[in-house]
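In: Build the 3D model from these lines:
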Amino acid sequence: IHFAYEEYSVALEHYTESLSLRISAMGRNHPSVAMTLNSIGTAHAYRNSYDEALLFHERALLIWREIMGQNASHPAIAETLFHIGVVLKKKVQLNEAIEYFIEALRIFRESGIGPENSFVEKTKRNIAAFEQVLDVKSAIL
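Out: Residues are numbered from 1 along each chain as shown. From the prediction side, this is the model:
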């Protein structure tokens, strides 16, 4: 609700409280903790706190990979890679961002997520834009 009203500071307070409760109840390496870390990262990104956002998304990615395996193809990993790509894009680290988007799209496809998924569509759009700006062509599209 707070995201809808652009109350990112309030959202961060609630997410931080939720994170503490989830860690206490389920431990640090639980999918619910990773999802909350991604939410906190997104809230920081909306506040233009990109370094903070990146830290939370990277922590979420570590948890997902620990749970699923380093080379797992799971939509939660792809979504987290997408979020990291968005933050890197905002930080104008375009070469790094496109790598995260490409990896996200590969995992979305391997996990059976189709082009109608909003994350897949946004990921493809970002890759296409970066290819144009960076004058590169990836085989992924």
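In: same for the helix or strand of the chain with the lowest mean pLDDT, what does it pack against?
Out: Among the helical and strand segments of the chain, the one scoring lowest on mean pLDDT, DSSP states H and E is helix 118-134, with a mean of 91. If contacts are counted by 3 or more C-beta pairs under 8 Å, 6 or more residues apart in numbering; DSSP states H and E, helix 118-134 sits against helix 75-90, helix 94-110. C-beta coordinates here come from the backbone N, C-alpha and C atoms, glycine included.
In: Using a markdown table, lay out the ones you listed together with mean neighbour count, distance to Gly27 and mean pLDDT.
Out: Output for the helices and strands packed on helix 118-134, formatted as a markdown table (neighbours: other C-beta atoms under 10 Å; distance: least, C-beta to C-beta, whole Å; pLDDT from 0 to 100):
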| stretch | mean neighbour count | distance to Gly27 | mean pLDDT |
| --- | --- | --- | --- |
| helix 75-90 | 23 | 17 | 97 |
| helix 94-110 | 20 | 25 | 95 |
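In: okay, those in a markdown table with distance to Met26 next?
Out: Output for the helices and strands packed on helix 118-134, formatted as a markdown table (distance: least, C-beta to C-beta, whole Å):
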| stretch | distance to Met26 |
| --- | --- |
| helix 75-90 | 15 |
| helix 94-110 | 24 |
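In: and Leu61, which of the ones you listed is closest to it?
Out: Closest of the helices and strands packed on helix 118-134 to Leu61 is helix 75-90, at 4.7 Å (criterion: C-beta to C-beta).
In: Which elements pack onto that closest one?
Out: So helix 75-90, by 3+ C-beta pairs under 8 Å, 6+ apart, packs with helix 31-46, helix 50-68, helix 94-110, helix 118-134.
In: out of the helices and strands packed on helix 118-134, which comes closest to Phe130?
Out: helix 94-110 (4.2 Å).
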